[in-house]
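> take this sequence and fold it.
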Amino acid sequence: MVVGLLIGGGYYGNMLYSRMYGKNVQLKQEKTFIYIPTGTDLDDLTGILMSESILEDTATFRWVAEKKNLRGKNIVPGKYEIVNGWSNNDLINHLRAGNGRLEVEVTFNNVRTLEQIAGKVSKYIEADSVSIIDVLQNKDTIARYGFNRNNFISLFIPNTYKMDWATDAGEFLSVIASNYRNFWTEERKSKAKALGLSQSEVSTLASIVQAEQTRHASERPRIAGLYLNRLKKGIRLQSDPTVVYAVGDFNLRRVLNKHLEVASPYNTYLNAGLPPGPIQVPDITSIDAVLNYEKNDYIYMCAKPGYEGYHNFSKTLDQHEQYAREYRKWLDKEGIK
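All right, here's what the predicted structure looks like:
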C-alpha cells in the first residue's frame, strides 16, 4: 500500500513538474513576437498564442496560468518576444504583469497632414488612425498645447520615438509634446527670437525650405537665408511648393501661371509673409537650417536644368530670369508639363 502511494505520488509529482517546467513553446524559428491588446483576458491570451502556433499543449498552459494567477491586471497589454523551447512557467513569468513587455520605435517622415501622421503612427501602436486623428483634431487639445489648427502640425518633429505598443492616442500625443519641449532648447529659442520668428513660424519656414530642397540638405541654409532676406524686405516668398500645397495636387510636377492664381492663404505668390502653418512636417535638419541660416544677399532661386536637384541663386532679377529661361527650356525639352 505504501509502495502504491509512493508510486502514485511520484507519478503525480512528475506530471506537475512536466506541466510547469516541460517544454511547451514550439516555434519554427528561434523567436517570435506577439501583441496583447488592452482588455485581454486569459481566454483571449490563449487564443492569441494558439493563433500564432506557439503552444504545443494548450490545456497545460491554461492550468499553469490559472495556478499562477495570470488574469486581470496581471495580463498587461503590449508587445512581447517569445522564445522557442520555453516551458509554461517560462512563458507565464515572461508575460505576467508585463515583465517581458518591449518598446516599439515609432517614426513618421515625409508627411504633410495630421491625417498622414495618424495613418503612419497607427501601424506602430495599438491606437488606430481614427482615435489618433480624433485627438489631433480636437480644438481643446490643440489649444491646450498652445497652437491653432493651422500650426499644430509643427508640434510633430520627425524622430525615432520609443513607446509601449499599447499606447493610446492621448499618450502618443504626450510623448510627442515632451519631445517638442526637449527639442526647443534655450539656444534654439534664442535663435528663433533673433530672427523675429516664433517656434511655429520657424517650422513653417523650415517646411518650405525642405520642400524646395528635398535631396541636398547642405543647400537648405542658403535657401533659408534667401527667404529670410525676402521676409525682411517685404517681398513675397513666391515659393512653388506653397502653391502645390494650395492646389492640393502633390503629384504636380510643373507649376503653371494658372496655379499661381489659386486663392489660398498658403499661396505665397498672392500673399505676403509666411503661410498660416507648415506645408509639411519639417525634419530637424530643415529646422536647424533656418535657425543657422546662411547670411547672403540672394533674393531669387531657380532649379538648375537636369535631374541633380540643385539650384541657381541670384541677387538680381535679370540674372534670375536668365536662369529661369534656361530651366523652362530644359523642362520643355524633357516634356515635363
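
> in this structure, what residue spans correspond to strands?
31-36, 78-83, 101-106, 161-164, 300-303, 311-314 (DSSP state E).

> can you tell me which of the ones you listed is nearest to H216?
Closest to H216 of the strands of the chain, according to C-beta to C-beta: strand 311-314, at 9.0 Å. (Glycine included, C-beta is placed from N, CA and C.)

> show me what that closest one is packed against.
helix 220-233, strand 300-303, helix 317-334 (3 or more C-beta pairs under 8 Å, 6 or more residues apart in numbering; DSSP states H and E).

> need the ones you listed in TSV (columns: mean pLDDT).
What follows is the helices and strands packed on strand 311-314, written out as TSV (pLDDT from 0 to 100):
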stretch	mean pLDDT
helix 220-233	98
strand 300-303	95
helix 317-334	93
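
> in JSON lines: those, plus distance to K31.
Formatted as JSON lines, these follow (distance: least, C-beta to C-beta, whole Å):
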{"stretch": "helix 220-233", "distance to K31": "42"}
{"stretch": "strand 300-303", "distance to K31": "49"}
{"stretch": "helix 317-334", "distance to K31": "51"}
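
> now for this structure, the helix or strand with the poorest mean pLDDT.
Least confident helix or strand, the chain: helix 2-21 with a mean of 64, by mean pLDDT, DSSP states H and E.

> let me have the helices and strands packed on strand 311-314 in JSON lines, extended by mean neighbour count and distance to P241.
Converted to JSON lines, those look like this (neighbours: other C-beta atoms under 10 Å; distance: least, C-beta to C-beta, whole Å):
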{"stretch": "helix 220-233", "mean neighbour count": "20", "distance to P241": "11"}
{"stretch": "strand 300-303", "mean neighbour count": "20", "distance to P241": "12"}
{"stretch": "helix 317-334", "mean neighbour count": "14", "distance to P241": "16"}
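
> assess the claim that W63 and R19 are in contact.
Yes - the pair W63 / R19 is scored as a contact, 6.0 Å apart, by C-beta atoms under 8 Å.

> more crowded one of the two?
Set W63 next to R19 and count neighbours by other C-beta atoms under 10 Å: R19 wins out with 19 against 15.

> let me see the contact set for the nearest residue to E212 once chain neighbours are set aside.
Of all residues not flanking E212 in the chain, I223 sits nearest, at 5.4 Å (C-beta to C-beta, 6 or more residues apart in numbering). Contacts of I223 were listed using C-beta atoms under 8 Å, 6 or more residues apart in numbering, and they are V209, E212, Q213, A289, M301, H311.

> right, and the third one touches E308 too?
Put plainly, it is Q213. No - using C-beta under 8 Å, Q213 is not in contact with E308; the gap is 11.7 Å.

> between the two, which one's more packed in?
Set Q213 next to E308 and count neighbours by other C-beta under 10 Å: Q213 wins out with 23 against 10.

> tell me how far that one lies from N110.
With distances taken as C-beta to C-beta, to the nearest Å, Q213 is found 14 Å from N110.

> just L274 next, same as before
21 Å.

> likewise for W184?
Noted for W184: a distance of 22 Å to N110, by C-beta to C-beta.

> show me where the stretch 151-300 of the chain has helices.
169-183, 186-195, 199-212, 220-233, 240-247, 257-260, 284-291 (DSSP state H, counting those that start in this stretch).

> so what does the fifth one touch, helix or strand wise?
Applying 3+ C-beta pairs under 8 Å, 6+ apart, one finds that helix 240-247 makes contact with helix 199-212, helix 257-260.

> tell me the angle that helix makes with helix 199-212.
With axes from the mean of the first three to the mean of the last three C-alpha atoms, to 10 degrees defining the directions, helix 240-247 sits at 100 degrees from helix 199-212.

> and the fourth one, by the same measure?
Angle, helix 220-233 to helix 199-212, by the same axes, to 10 degrees: 120 degrees.

> please apply the same query to the first one.
For helix 169-183 and helix 199-212, the angle between their directions (the same axes, to 10 degrees) works out to 90 degrees.

> distance between helix 169-183 and the chain's centre?
12 Å (C-alpha atoms, centre = their mean, to the nearest Å).

> check the fifth one too.
For helix 240-247, the gap between its own C-alpha mean and the chain's C-alpha mean amounts to 23 Å (C-alpha atoms, centre = their mean).

> send me it as PDB with only the CA atoms.
What follows is helix 240-247, C-alpha atoms only, in PDB (Å, rounded to 0.1, in the frame of the first residue of the first chain):
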ATOM      1  CA  ASP A 240       6.300  77.000 -55.700                       C
ATOM      2  CA  PRO A 241       5.800  74.300 -53.000                       C
ATOM      3  CA  THR A 242       3.300  76.500 -51.200                       C
ATOM      4  CA  VAL A 243       1.300  76.800 -54.500                       C
ATOM      5  CA  VAL A 244       1.400  73.000 -54.800                       C
ATOM      6  CA  TYR A 245       0.100  72.800 -51.200                       C
ATOM      7  CA  ALA A 246      -2.600  75.300 -52.000                       C
ATOM      8  CA  VAL A 247      -3.700  73.400 -55.200                       C
END
